[in-house]
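Trainee: What follows is a predicted structure for the sequence shown.
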Amino acid sequence: RFGFSLAVGDLTGDGVDDLTVGAPAPDVTGNSGAVYVLPGIDGSQWSDGQAVTEVNGVITLTGLSEGDEVGYSVAVGDIGEGTDSVPGIADLIVGAPGISWVYVLFGPLAPGDSLTLIPKDPGSAAVDEDAAYENGAGTRCGESVAVLGDVNHSGHNDIGIGAPEANYGGDKVYLLGGRD
């Protein structure tokens with residue numbers, strides 16, 4: 001399911017937009033899912049017939065367990081500043097509705113990185129991603145994600161998260177304020 005979700009923005013901080021491709025159930029990782037960030041949307045670093053994992057500088061993010069569905073949704077945009085985020089550099093939002101989880105990776109991302117996205121244990125400070133949002137098993141939280149602009153007038157872009165099975169099919173959209 002390579003290409004199930006797509007987003008564009010400069011995640012590496014080099015001034016050139018990158019193509020982000022979600023693959024919620026790729027063959028190479030079972031059903032954990034994956035996200036690939038392909039550097040340089042102009043395609044100068046890609047060639048016909050080349051495997052995505054062989055693209056120079058490709059960033060690969062994979063799920064931890066079967067059923068995570070990492071990459072079901074992706075969004076790219078600058079959601080704020082602070083200790084983890086560089087102003088003017090895009091951040092990556094990744095939905096994993098199989099576990100009702102959303103990951104936020106603050107830019108810039110390093111070309112060539114390969115990361116496993118691990119849901120944060122509420123009792124642990126150790127986590128492989130920059131931030132995460134979880135809404136309870138079975139809600140399909142993260143089935144859709146978007147950078148919405150500054151909806152709450154805080155001076156930072158905000159994130160919208162769809163959870164179509166929240167409240168036993170009651171459908172919800174969550175608004176998370178941008179980072180200060």
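Mentor: Everything's here; your move. Residues are numbered from 1 along each chain as shown.

Trainee: for the record, mean pLDDT for the one helix or strand residue 162 maps to?
Mentor: Assessed by DSSP states H and E, residue 162 sits inside strand 158-163. The average pLDDT within strand 158-163 is 90.

Trainee: Then stretch 47-63?
Mentor: Taken as a whole, stretch 47-63 has a mean pLDDT of 82.

Trainee: the bottom helix or strand of this protein by mean pLDDT?
Mentor: Using mean pLDDT, DSSP states H and E, the weakest-scoring helix or strand in the chain turns out to be strand 131-134, at a mean of 52.

Trainee: which residue packs closest to the residue sitting nearest the centre point of the chain, ignoring adjacent ones?
Mentor: For the chain, residue 94 is the residue whose C-alpha lies nearest the centre (Cα atoms, centre = their mean; 2.2 Å). Leaving out its chain neighbours, the residue that sits closest to residue 94 by Cβ to Cβ, 6 or more residues apart in numbering is residue 103, at 4.5 Å. C-beta: built from backbone N, CA, C; applies to glycine.

Trainee: cool, and residue 142?
Mentor: Excluding the flanking residues, the one nearest residue 142 by Cβ to Cβ, 6+ apart is residue 95, at 3.1 Å.

Trainee: Who are the packing partners of the helix or strand hosting that neighbour?
Mentor: Secondary structure assigned from DSSP H and E places residue 95 in strand 91-96. Using 3 or more Cβ pairs under 8 Å, 6 or more residues apart in numbering; DSSP states H and E, the elements in contact with strand 91-96 are strand 34-38, strand 73-77, strand 101-105, strand 144-149.
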